[in-house]
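Student: could you work out the structure for the sequence below:
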Amino acid sequence: MVSTSVVADDSSDCRGLPQHAVLKSALKQARNEANGGFNLDMWGTIVNRDGIVCAVAFTGEDRGDQWPGSRVISAQKANTSTAFSLPGLALSTANLYSAVSPGGSLYGLQHSNPVNTNVAYRGNAADYGTPNDPMEGGKIGGINVFGGGFALYNSRGQIVGGLGVSGDSSCADHNIGWKTRHTLLLDYVPAGVSGDAMRRDNIVYDISPQAGQQEGVSAKGWGHPVCSAAATTIAATLPANRP
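Tutor: Numbers count the residues shown, from 1 in each chain. Got it, this is the predicted structure:
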């Protein structure tokens, strides 16, 4: 278990949020468990409540051991989860898939809040995923609508930022990110749309095929596609939200 001291009542900076070494340790621990994906290495990003990047890490030996494109995706997911969660309601990125699909209640959301490319791609690539990642201190922006992004809530129930992970299937990303947040002790989630009182912002697998619609229809409106039977089973047994 990785412990952090989470104060974070000043959301203008990164004080109280996990920094690089803590994020990397928690991410590696989660990645090394069974998650129902391809067993790939991962990127992880933490942002504060204002979407400023506070830490970026990867699980492999080098930055090229993970999909290079997943670095920015992890930051997008972190930004999305804090940007569209509230003190009283958490939405994981997995919850947004059906809602932003054509006919969904949030259709068009994925085109808002674009990535700040000056932040995403600045600096020396040799520093990516290190304590000196050039994204740190910048407001990343970006919207991502598949599994792997979570709002962060401290033990006082305050929303203090977001976590995003990327590098495997979207369903495995969700499982890895969920476990990472749990290890960081930042899963005091107040409420969500999953329908599971113990896992309030968990991924929802309720999409049923419908003729003429590639994605199918989500019964609750918050559904995510199934990636594998293993990932679905694991999601149902993820650690419960605190408290």
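Student: where do the strands sit along this protein?
Tutor: 43-48, 53-58, 149-153, 159-166, 207-210, 213-218 (DSSP state E).
Student: same for the first one, what does it pack against?
Tutor: When contacts are defined as 3 or more Cβ pairs under 8 Å, 6 or more residues apart in numbering; DSSP states H and E, strand 43-48 packs onto helix 20-31, strand 53-58, helix 70-83, strand 159-166. All C-beta spots, glycine's among them, are computed from the backbone N, C-alpha and C.
Student: the last one - which strands sit beside it in the sheet, and in what orientation?
Tutor: Here strand 159-166 is paired, per DSSP bridges, with strand 43-48 (antiparallel), strand 149-153 (antiparallel).
Student: Gln110 is nearest to which of those strands?
Tutor: Closest of these to Gln110 is strand 149-153, at 12.7 Å (criterion: Cβ to Cβ).
Student: what lies in contact with the closest one?
Tutor: Contact with strand 149-153 is made by 17, 46, 76-78, 80-82, 85, 90-94, 159-165, 177-178, 181, 184, 186-190, 201, as judged by Cβ atoms under 8 Å, 6 or more residues apart in numbering.
Student: pretty sure Thr180 is touching Lys28, no?
Tutor: No - Thr180 lies out of contact with Lys28 (Cβ atoms under 8 Å); the separation is 9.2 Å.
Student: residues contacting the closest residue to Phe84 other than its chain neighbours?
Tutor: In space, Phe84 comes closest to Leu91 once its chain neighbours are excluded; the distance is 5.2 Å by Cβ to Cβ, 6 or more residues apart in numbering. Residues in contact with Leu91 (Cβ under 8 Å, 6+ apart) are Ser81, Phe84, Ser85, Ala151, Gly192, Val193, Asp201.
Student: go through the residues you listed and say which is closest to Cys171.
Tutor: Checking these against Cys171 by Cβ to Cβ gives Asp201 as the nearest, at 14.8 Å.
Student: my guess is that closest one contacts Leu86, does it?
Tutor: No - the criterion here is Cβ under 8 Å, and Asp201 misses it with Leu86 at 11.6 Å.
Student: who has more neighbours, the two?
Tutor: Between Asp201 and Leu86, Asp201 has the larger neighbour count (other Cβ atoms under 10 Å), namely 30 against 12.
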